[in-house]
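**Student:** could you work out the structure for the sequence below:
(2 chains)
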Number of protein chains: 2
Amino acid sequence: MFKIKFLPHNKEISVPDGENLIRAAMEAGVHINASCGGEGVCGKCRVLIEEGKVEGGVSEKLSNEDIEKGYRLACLSRVKSDLTVRIPIESDIDVSVLNLQSTPRHTAKIEQMNLDDLKEKGLFVPPVEKKYLELPPPNAEDHLPDVTRLISFLKLNHNESRLQLTLPVIRKIPDILRENDFKVTATLERPVREGRKTRIINIQPGDTTDRNYAIAMDIGTTTIYGQVLDLITGEILGEHGDFNGQISYGEDVITRIVYAEKPGGLKKLHDVVIGTINKVIAKIIKKARIDPDEISTITIAGNTTMTQLLLEVTPRYIRRSPYVPAATLYPPIRAKDLGMDLSDHVTALVYPQISSYVGGDIVAGVMGSGMYRTEELTLYIDIGTNAEIVIGNKDWFACAACSAGPAFEGGGIKFGMRAAKGAIEDFSIDPVTYEPMTMTIGNVRPKGICGSGLIIMVAVMFEMGVINNQGKFNRDLETPRIRKTDDVWEYVITWENESQIDRDVVLTEIDIDNLIRAKGAIFSGCQTLLEEVGLSIEGIDRIFLAGGFGSYVDLEKAMVIGLLPEIDPDKVTFVGNGSLMGAKMSSLTNRIRKDVGEVTQMMTNFELSETASYMDKYMGALFLPHTDMNLFPKLKKRLEERRSY
Amino acid sequence: MFKIKFLPHNKEISVPDGENLIRAAMEAGVHINASCGGEGVCGKCRVLIEEGKVEGGVSEKLSNEDIEKGYRLACLSRVKSDLTVRIPIESDIDVSVLNLQSTPRHTAKIEQMNLDDLKEKGLFVPPVEKKYLELPPPNAEDHLPDVTRLISFLKLNHNESRLQLTLPVIRKIPDILRENDFKVTATLERPVREGRKTRIINIQPGDTTDRNYAIAMDIGTTTIYGQVLDLITGEILGEHGDFNGQISYGEDVITRIVYAEKPGGLKKLHDVVIGTINKVIAKIIKKARIDPDEISTITIAGNTTMTQLLLEVTPRYIRRSPYVPAATLYPPIRAKDLGMDLSDHVTALVYPQISSYVGGDIVAGVMGSGMYRTEELTLYIDIGTNAEIVIGNKDWFACAACSAGPAFEGGGIKFGMRAAKGAIEDFSIDPVTYEPMTMTIGNVRPKGICGSGLIIMVAVMFEMGVINNQGKFNRDLETPRIRKTDDVWEYVITWENESQIDRDVVLTEIDIDNLIRAKGAIFSGCQTLLEEVGLSIEGIDRIFLAGGFGSYVDLEKAMVIGLLPEIDPDKVTFVGNGSLMGAKMSSLTNRIRKDVGEVTQMMTNFELSETASYMDKYMGALFLPHTDMNLFPKLKKRLEERRSY
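**Tutor:** Purely as a prediction, here's the structure:
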C-alpha cells in the first residue's frame, strides 16, 4: 500500500501498488476535471507529481516541458510509491470550496458466507450426504432382504434411522450389492420437515463418499445464475450466468405473463427457461470438472412469476387484481420431471413465495443472509425494477414490494445503460466551474450512465447546488454544460467529441425525475412498511442490500438522494445476489430448508397499493432527499454548512 | 327347505327346493352307486321315492314298471317336497355297515367381510376421501394464495390439517377455482405412516363427493383378480379375474425368474403383467359403470416374485441360495409410472413381503382376515403349489413356506385336473361292493379328478380300508376296480364307457403318494413352525384356509388324510382369495395400511429347509393320517370302532 497526499486539498489516502491515480483521487473525494472516462483522450486530468513515482501518465496531450516538470495525466498514471500530487486549480476560491465538495466514499461491505463459522456452529450439514458400507453377504443363517440389510447397517454403522427408499434405488440394490462384494455407498437426502424420513436416493458401487455436489440456482427475470457446490468442502467449484431465454418473449414479468396466457405459451416459457437452466448446468459442470452423476441435489430461487413459469403453474392471476399467487410452498420435485438434465435421483427444491410480488428470490435472501436468526432489526432491500423490502428479525417479518421502475437498471434514463464497459460509474463536479470528473467502467470513453453512476451524479449535483431539491437545474449557473434542448433542461456530462457515441452524453431533468420516483417508491415503501409494524426508520439496526447493483452504490450518495435512510454506512451490508446466496446456503445447511417453511409463515405481506398512507409518503419522498429534512440530519447539517459558507 | 329321510340308513337331511337328490344323499353321507358323475347315463342311482314328490328322475334306464313303482334316478331328480327315499341295497350287511361309511360333510364357513362391523368400530375410513369446499374468492383485503386458501378452508370447514400437495394438483388449482366460482372438491389421501401428512391428490370442479372408488388387486402367478370398490358404501361394484399373461413365459415362479434373467426378460415380464392388469382394470371399470377418473387409489398384493416382477425389481436372487428378496416394504408408487391405465393422481400401494417365499399375498391375508388384531392363536394356511403357513395373534407371528407340489391343483395326478366341468369333486364307496358314487362339477360324465375330490377320495378309501395308511391298495379286496396296470396298482373310478374321455378314469398308488407328500409337507410345516415357537397343534384356536380350493375341501376328510390337524371343523374358516381380501380391506380401512409395516416387522420367517427337525416331521407325515395316530384321536377312535365291528 502506498500513501498519496493530494494538494492543495491536503487529503490523504492509501492505495495498493499500481492503482490508477485518478481513481485514487475519486476515492479520496478529490475532484480532477476529466471527461473522457479515464481513457486519456481529453487530457484534462493534468496533475503534478511533487514527490514519488508513477508509472505511465505520459501522453501527447502533455508538452515535453510539462512532462519534465512532473506533470502527468492522472487517468493514465499508476501509483508505484508514496506520492504527493498537486491538482492544478483555477482560483483560490476553489481550494476552500473543494473540501466541501464530497462525502467520503462508502460502498457497502460485502457479505461473504463464513464457512468456518457455519462449521463451528455445527450448521454445515448439507441436505444430502453419502455413507459408505461394507455389508456382510446373506447366508444360510442370515436371510435379511437386501434393502433391510442396507438399512440395518446404516443404522448399525452410521446411526442412521427412519430411512425410506425410492423404487428406482430398490431396483438397483440387488445387483449392485453382489457385483461389488456388498461394498456400496448410499446417498441420503435429509427431510425438509422435522419428523419425516431420510430418503436413500442413490446407491453406488464402492466408496464414493469423496464426491458429493449440489447445484444452487437463481432464476432471474433477466439472468439465470448457477453454482456447483462441493458438499464436502462447501466450496464453489463452478459458477456461470446466462440471460434467461424467456427475454425473447417479454422483457419483464408482466409481458411474460401475457405471453404465458396465450395457447401453449405457458409450456413454451417453461421449456425456454429449462433450456437456459440446462445450458447453465452444462457450463458449471464443465467448469467444476465433476461427474454429473455425482450431483445430488438442486435448489432454486426465483421471483413468483419465474417460479410459476419454471413449475408450469399458470401465472395468469399474478397480474390480475387482487394479485394472488398460486401457492407459497411447493413440494420437492424430481429435477428430471421438470426437464432438467440431471440424474434421476436429483430432487429440485424451490424456494417458497410470499405473495405475487415478493417471491422466492427474496425469501432466499432472508434465509441465506441469516437475518431470520438474529435479534437485530434488519431492513433487507432488493433493488431492481421491482424493489422488495423486508423488515424483521428472528421473531417477525413484514414485507412489501414496490414498483421502482427501471431507472436503476438504466431504463427511462436518456443515456441509461446497464453496468457495462463505457458506462459512467463515478462522477464529481468542480464547485466553481461545474466541470465534471467522470470515470467509466473499463476506463474507456463514455457511452452512457449506469444505475450506480446515476445516483452519484444526482447526489453530487444536489450537494453542489447544481440541482435543487426537486431535481431541477439551477438556471443561474454559468456553464455551457447546463442547457435546454427540445424544451428539456439538461447537463452535458461528456461532449460529443469525447464520447464513444458521437453525441453529447447528457443528464436531463426527466432522467432525474425518473430516478427520484424510483428512489421515492423504495424509501416510502420502507417508511410505510415500518409504520405498518409500528416502527420508524431510526429503529433499524442494519440494512442488507441485495441486487445486481448494490455493491457499487455509494452509500453516502444513496442517502443524499434519499434512496436509503440515513444510517451509519458500516451498518449496510451488500449481500449481492441474495437469491443465489439463499439457494447456495440451503444446499450447504439443511437447517435452512427446514426453517424456511416457518419463516415464510411468519412473513406478513403488505400490499402498498392498498395502504392508504403509502401515496402520501411517496409524495413526500419525491424530493431530494425528502420533504422532511429531519429524516436526514447529517445531510441537513452539511447543506447548512455549505449554505453558511 | 324340504326334509328328506333316507332308508334303510334312517338318515335325515334338509335341503332347498329343487336340490338334486343324489347331491342331497351325498350331503347326508348316504352312498348311492353312481359312476357317471350325475349325468344320468349309468342308470345306477335307482332309488325308490316312498313318500313325497320329485321332479324329473325318469330315464330310459328305468322300465315303465319301475317308474310306476316310484323308482327314479336320483341324479336326475329334483326335490319338490318332503321325501322318504329308499336306497336299494345288496345285503343286510350293507345296512349296518352303511352308518359307518362316512364322516359328516363339513366345508369351512366362508369369511365375509363384515362392513357394518367395520363401520361400527369406526374402522371404515378409506385411505382416500373427498371434501367439498365453497371458498370465498380473494379480494383487496384477502390475498391468500390459492393453495393456502384451499388448505385454510379444509382446516376451517373439515378440520383437516397437515396437508401436502403435489405439483400436478397445484397446477390445476388456479384455473379450476375461478372457472367454478371457487366451488371444488379436494381428494385427500391419508398417510400410510403415522405422523406424516395427508396429500391432496386431486381437485375437481363442483361437488363430486358422491363418487370415490378404489381398486383392489391380487397378482397371482396364474390368475390376476381385480375389484372396483365403492369407498362411500364399501361395496364391490365390479370384479374380474384373468390369467396372468406371464404364463406364456413359465408356469411357475421359478421358470418366470429364469425368463426374467434373460436380457430384456424382466422388462418383458413387467410389461406383460401390466398388460393383464390393464385388461382387468378395463373390465372391472366397465362392469362397475364408473368414470375411471373417479378411481382414487389402487392396492396390490402378490407373492414375492410377482411383486418384484410387477415393480421391475430383479427376482434373480429369489431362486438362488440363500434366497433373499430385494425388500420387504416398497414405497407408494404412482400407478401411471408402473404403466397402469389409471389417472395421474392414483398411487399404487403394494403389500410388503416377508421372505422370498412368504410374500405380499400372505401378508394381505393376515391383514385382511383381521387375525393380527385378535388374541386367538390362528393358523393361516394358503394352500397351493407353494403352501404358506402363518401362526400367531396380535402379539407375534411366525411364518414359513413349504413346497407342496402341484397335487392340490391336479398336477402329478394321472387324471388330475383343475376344478372345472367334468372334474370329480365328490366321492363315496359302497362298503360291501366297493362300487363308487361319483359327483362331478356340472353333473357331467367324469373327465378327471380335482384337488378337493382327490382328498375326499383318498380319505374315503382309507376309512373304508380300500387303502392302508401308506396309501397302498388292499390287494385282498374282491372287486374288478382294483387292478395292476403297467406295474402300478390303481382303482377304476369310472369305466371307459361312462367317462367323457373314452378311457378308464383311475386313481393310482402314485397319485396317492403324491397327495401324501403334498399334505405331509404342509402338516409337517405346521408342526415344525409350531415347535419352533414352542407350541403344539393343540394350542391352535382356529384355522384360516386361503387359496383357490379351500372352500370346497371337506374338512373332516382333510383331517382324515392328515392335511389339517384334527380340530373342531367349526373353528376352520375359509377366507378365499386372502390376497384379494387383504387388498380390498386396506382400500376400505386405512388402519390396515398403517399397521402393515409393524405386522411385517413382527413376523419371523422360518426356512423349513434349514430347520433340522423338519425332515423328520415330514417323514412322519408321509402316512395316512400320520405315524403318530395320537395326533388324530377322533379318527383313531372311528377306525378302532370300524375294526371292532
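**Student:** give me every residue in the stretch 201-350 of chain A lying close to chain B.
**Tutor:** Applying CB under 8 Å from any CB of the partner chain, we find that the stretch 201-350 of chain A lies next to chain B at A:311-314, A:316-317, A:321-331, A:333. (Each C-beta comes from the backbone N, C-alpha and C, glycine too.)
**Student:** if we use 10 Å, what do you get?
**Tutor:** If contact is defined as CB under 10 Å from any CB of the partner chain, the residues of the stretch 201-350 of chain A in contact with chain B are A:266, A:304, A:308, A:311-318, A:320-334, A:337-338, A:350.
**Student:** ok, and the helix or strand in chain A with the lowest average confidence?
**Tutor:** Per-element confidence for chain A was summarised using mean pLDDT, DSSP states H and E. The lowest value among helices and strands belongs to helix A:92-98, with a mean of 58.
**Student:** give the next helix or strand downstream of it.
**Tutor:** In the C-terminal direction, the helix or strand that comes right after helix A:92-98 (DSSP states H and E) is strand A:109-110.
**Student:** quick one, what contacts A:L309?
**Tutor:** Under the criterion of CB atoms under 10 Å, 6 or more residues apart in numbering or on different chains, the neighbours of A:L309 are A:219, A:221, A:244, A:246, A:249, A:253, A:256-257, A:259-260, A:265-266, A:268-270, A:272-274, A:302-303, A:315.
**Student:** now stretch A:171-189 - C-alpha only, CSV.
**Tutor:** Listed in CSV are the C-alpha atoms of stretch A:171-189, where the atom choice follows Å, rounded to 0.1, in the frame of the first residue of the first chain:
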residue,chain,number,x,y,z
ARG,A,171,-34.3,-51.7,-8.4
LYS,A,172,-30.5,-51.1,-8.4
ILE,A,173,-29.7,-52.7,-5.0
PRO,A,174,-29.8,-56.5,-5.6
ASP,A,175,-27.3,-56.5,-8.5
ILE,A,176,-25.1,-53.6,-7.2
LEU,A,177,-24.6,-55.4,-3.9
ARG,A,178,-23.5,-58.6,-5.5
GLU,A,179,-21.4,-57.1,-8.2
ASN,A,180,-19.4,-55.1,-5.6
ASP,A,181,-18.8,-57.6,-2.9
PHE,A,182,-21.5,-55.9,-0.8
LYS,A,183,-19.4,-52.7,-0.7
VAL,A,184,-21.5,-49.7,-1.6
THR,A,185,-22.2,-46.0,-1.0
ALA,A,186,-25.6,-44.8,-0.1
THR,A,187,-26.7,-41.2,-0.8
LEU,A,188,-29.0,-40.0,1.9
GLU,A,189,-31.3,-37.0,1.5
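**Student:** among the residues of the stretch 201-350 of chain A next to chain B, name the buried ones.
**Tutor:** Neighbour counting by 16 or more other CB atoms under 10 Å in any protein chain shown classes A:266, A:304, A:308, A:311-318, A:322-334, A:338, A:350 among these as buried.
**Student:** A:D382 touches A:G368, doesn't it?
**Tutor:** No: between A:D382 and A:G368 there is no contact, the gap being 11.9 Å when judged by CB atoms under 10 Å.
**Student:** dihedrals phi and psi, the closest residue to chain B within the stretch 201-350 of chain A?
**Tutor:** Taking CB to the nearest CB as the measure, the point where the stretch 201-350 of chain A comes nearest chain B is A:A327, at 3.7 Å. According to degrees, to the nearest 10, the main-chain angles of A:A327 amount to phi -160, psi 170.
**Student:** kindly report the same for A:I389.
**Tutor:** Dihedral angles phi and psi of A:I389 (degrees, to the nearest 10) take the values phi -120, psi 130.
**Student:** what is the burial count for it?
**Tutor:** 26 (other CB atoms under 10 Å in any protein chain shown).
**Student:** contacting residues around it?
**Tutor:** If you count contacts by CB under 10 Å, 6+ apart, then A:I389 has A:358, A:362, A:379-383, A:398-402, A:522-523, A:525-530, A:606, A:608 around it.
**Student:** taking these, please make a PyMOL selection of just the buried ones.
**Tutor:** For the buried members of those, the matching PyMOL selection, counting by 16+ other CB under 10 Å, is:
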select buried, chain A and resi 358+362+379+380+381+382+383+398+399+400+401+402+522+523+525+526+527+528+529+530+606+608
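**Student:** for the nearest residue to A:A420 once chain neighbours are set aside, give me its contacts.
**Tutor:** In space, and not counting its chain neighbours, A:A420 is closest to A:I441: 6.5 Å by CB to CB, 6 or more residues apart in numbering or on different chains. Under the criterion of CB under 10 Å, 6+ apart, the contact list for A:I441 reads A:37-38, A:417-426, A:447, A:450, A:452-453, A:552.
**Student:** PyMOL command for the buried members of these?
**Tutor:** For selection in PyMOL, the members of the contacts of A:I441 meeting the burial criterion (16+ other CB under 10 Å) are listed in this command:
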select buried, chain A and resi 37+38+417+419+422+423+424+425+426+447+450+452+453+552
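**Student:** give me the neighbour count for A:F415.
**Tutor:** Using other CB under 10 Å as the criterion, A:F415 is surrounded by 25 other residues.
**Student:** just give the nearest non-adjacent residue to A:I219, would you?
**Tutor:** Distance criterion CB to CB, 6+ apart; nearest residue to A:I219, sequence neighbours excluded, is A:G302 at 3.4 Å.
**Student:** could you report the neighbour count for A:G264?
**Tutor:** For A:G264, the count of nearby residues is 9 (other CB under 10 Å).
**Student:** ugh, wrong one, I meant A:D541
**Tutor:** Burial measure for A:D541: 13 neighbouring residues, criterion other CB under 10 Å.
**Student:** quick one on the thing from earlier: for the residue of the stretch 201-350 of chain A closest to chain B, which non-adjacent residue is spatially closest?
**Tutor:** With CB to CB, 6+ apart as the criterion, A:A327 has its nearest non-adjacent residue at 3.7 Å, and that residue is B:V147.
**Student:** for that neighbour, helix, strand, or coil?
**Tutor:** State at B:V147, reduced to three classes by DSSP: H, G, I helix; E, B strand; the rest coil: helix.
**Student:** ok, now A:I89?
**Tutor:** coil.
**Student:** what's the answer for A:D344, then?
**Tutor:** Secondary structure, three-state DSSP: A:D344 is coil.
**Student:** please name the residues that touch it.
**Tutor:** Under the criterion of CB under 10 Å, 6+ apart, the neighbours of A:D344 are A:166, A:168-169, A:201-202, A:293, A:334-337.
**Student:** pick out the most distant pair among those residues.
**Tutor:** Greatest spatial distance among these (CB to CB): A:D293 and A:D337, at 17.7 Å.
**Student:** taking the buried ones among the residues of the stretch 201-350 of chain A next to chain B one by one, which sit in helices?
**Tutor:** Judged by DSSP state H, the subset of these located in helices is A:266, A:304, A:308.
**Student:** so which of those residues comes closest to B:L237?
**Tutor:** Using CB to CB, A:L266 comes nearest to B:L237 of these, at 37.7 Å.
**Student:** what helix or strand is A:Y380 located in?
**Tutor:** Using DSSP H and E, A:Y380 sits in strand A:378-382.
**Student:** tell me the SS of A:P431?
**Tutor:** coil.
**Student:** ugh, wrong one, A:M306
**Tutor:** For A:M306, the secondary structure call by three-state DSSP comes out as helix.
**Student:** can you tell me which residues contact the nearest residue to it once chain neighbours are set aside?
**Tutor:** Nearest residue to A:M306 in three dimensions, chain neighbours excluded: A:I219, at 4.5 Å (CB to CB, 6+ apart). Contact criterion CB under 10 Å, 6+ apart gives A:225-226, A:244, A:246, A:273, A:276-277, A:280, A:300-303, A:305-307, A:309-310, A:350-351, A:359-361, A:579-580, A:583 as the residues in contact with A:I219.
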